[in-house]
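Any chance you could fold what I've pasted below:
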Amino acid sequence: MKEENAAEKKVIWHLHPLRVRYQETDQMGVVFHGNYLTWFEIGRTELVRSLGMSYIEIEKAGLLLPVVDIDCSYVSPARYDDVVMICTRIEELSPIRMAFRSEVRLAESSETIPRWWHGSVPPGKLLTKGGTRHVWVNGDWRPARLDKPFPAVYARLQAAAAGEVQEEGSA
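Alright, predicted model coming up:
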């Protein structure tokens with residue numbers, strides 16, 4: 001029964017295009033490995049922004065979302081001037097914890113990159129994959145719940161985790 005539920009789960013990815021800049025490459029002409037972690041962060045931030053929220057607003061209200069674990073596997077290099085897509089989805093969500101799955105993929109075309117991709121595999125050639133795990137904390141770095149002070153934010157994140165997009169301005 002669990003396998004059937006997992007197979008039925010809707011998956012939605014947020015896609016954010018980025019052109020590889022010269023300063024992101026190393027002497028070998030490929031993207032320096034540490035830049036992928038920065039790109040994962042860009043993907044998380046843009047996913048949240050696309051849902052009509054802002055990390056800065058949540059932080060001003062006293063909640064922080066530090067990374068507590070990260071994994072990253074390099075499959076194929078990105079190179080200077082490539083157009084890549086930072087593909088991000090919410091993998092797990094609870095009132096205290098959150099996990100994101102990230103992939104960096106080579107765009108087949110810099111035109112017509114959708115904001116959202118419905119399906120388990122985003123388009124383009126896989127370059128890097130990984131994920132980050134986070135814990136909501138308060139200003140004293142103690143675990144804190146997101147759902148109590150921000151029920152609307154939590155509901156939007158839940159919908160995105162369930163594969164249902166609730167973009168800014170939608171009900």
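
Next, the contact list for the residue lying closest to Trp39 once chain neighbours are set aside, please.
Leaving aside its chain neighbours, Trp39 sits nearest to Ile86 (5.0 Å; criterion: Cβ to Cβ, 6 or more residues apart in numbering). Every C-beta, even on glycine, is put in place using the N, C-alpha and C of the backbone. The contact partners of Ile86, by Cβ atoms under 8 Å, 6 or more residues apart in numbering, come to Leu15, His16, Pro17, Leu18, Trp39, Phe40, Ile42, Gly43, Glu46, Ser102, Val104.

do you know how far Ile86 is from Leu63?
Ile86 is 24 Å from Leu63, where distance means Cβ to Cβ, to the nearest Å.

you'd agree Gly43 is in a helix?
Yes - under DSSP: H, G, I helix; E, B strand; the rest coil, Gly43 falls within a helix.

Skipping its backbone neighbours, what lies nearest His118 in space?
Closest to His118 by Cβ to Cβ, 6+ apart is Ile12, at 5.5 Å.

burial count for the one you found?
20 (other Cβ atoms under 10 Å).

I'd assumed Pro114 was in contact with it.
No - taking contacts as Cβ atoms under 8 Å, Ile12 lies outside contact range of Pro114: 10.8 Å.
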